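> heads up, no residue letters with this:
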């Protein structure tokens, strides 16, 4: 009986110390993590809407933010959506840029994903992301061949679900941006 009590006390102490260390680590790095997310957001909007000098952010809901981009002369140059959807393995977080009429995609950046390495994770490769630039909205995808339609991109071979997920996230972002801008 005494051995059981000792084991419980030792395990409880280890769990308590581990919990305190984890809590301390989280609290001490929280500000840095938030600052890095802001830096990444600023970098991504400049990639998806070239020429962006400043932007205004509007929170739509927990997973979607509309960013209104302006150039150095304070002219409206486009809209971006910071958005999230579901991929094959889990969430995919994107920044998608649109022109001022929302009829054309100006760029797409993958900010976070947990897709299968070597397959679905290929959505972060430049050749895949560059396909979105200049595509007319809404977009679709084709498998195994180059797209002939200005609305389509080429899906990643062996990772159609990830490609389809990105297309769906982009189209949902476009619809949401249209709705918000009309308000």
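That came through fine. The structure displayed is predicted, hence computed values, not measured ones.

> could you use CA atoms for every contact and neighbour count after this?
Noted.

> excluding chain neighbours, what is closest to residue 54?
Spatial nearest neighbour of residue 54, chain neighbours left out: residue 70 (5.5 Å); criterion: Cα to Cα, 6 or more residues apart in numbering.

> distance of the one you found relative to residue 47?
Residue 70 is 14 Å from residue 47, where distance means Cα to Cα, to the nearest Å.

> any common contacting residues for these two?
Counting by Cα atoms under 8 Å, 6 or more residues apart in numbering, residue 70 and residue 47 have no common neighbour.

> beta partners for the residue nearest to residue 54?
Here residue 70 sits in beta bridges with residue 54, residue 76, going by DSSP bridges.

> pLDDT score for it?
Per-residue pLDDT puts residue 70 at 96.

> correct me, but it touches residue 79?
No - with contact defined as Cα atoms under 8 Å, residue 70 and residue 79 do not form a contacting pair (9.0 Å).

> quick one: which of these two has more around it?
residue 79 (29 against 19; other Cα atoms under 10 Å).

> residue 89 belongs to a strand?
No - per DSSP: H, G, I helix; E, B strand; the rest coil, residue 89 lies outside any strand segment and is coil.

> ok, it - contacts?
Contacts for residue 89 (Cα under 8 Å, 6+ apart) come out as 114, 115, 116.

> how close does it sit to residue 66?
The gap separating residue 89 from residue 66 is 26 Å, by Cα to Cα.

> same deal with residue 172?
Taking Cα to Cα, one finds residue 172 at 13 Å from residue 66.

> those two - which one has more neighbours?
residue 66 (25 against 17).

> could you confirm that one falls within a helix?
No - according to three-state DSSP, residue 66 belongs to no helix; its state is strand.
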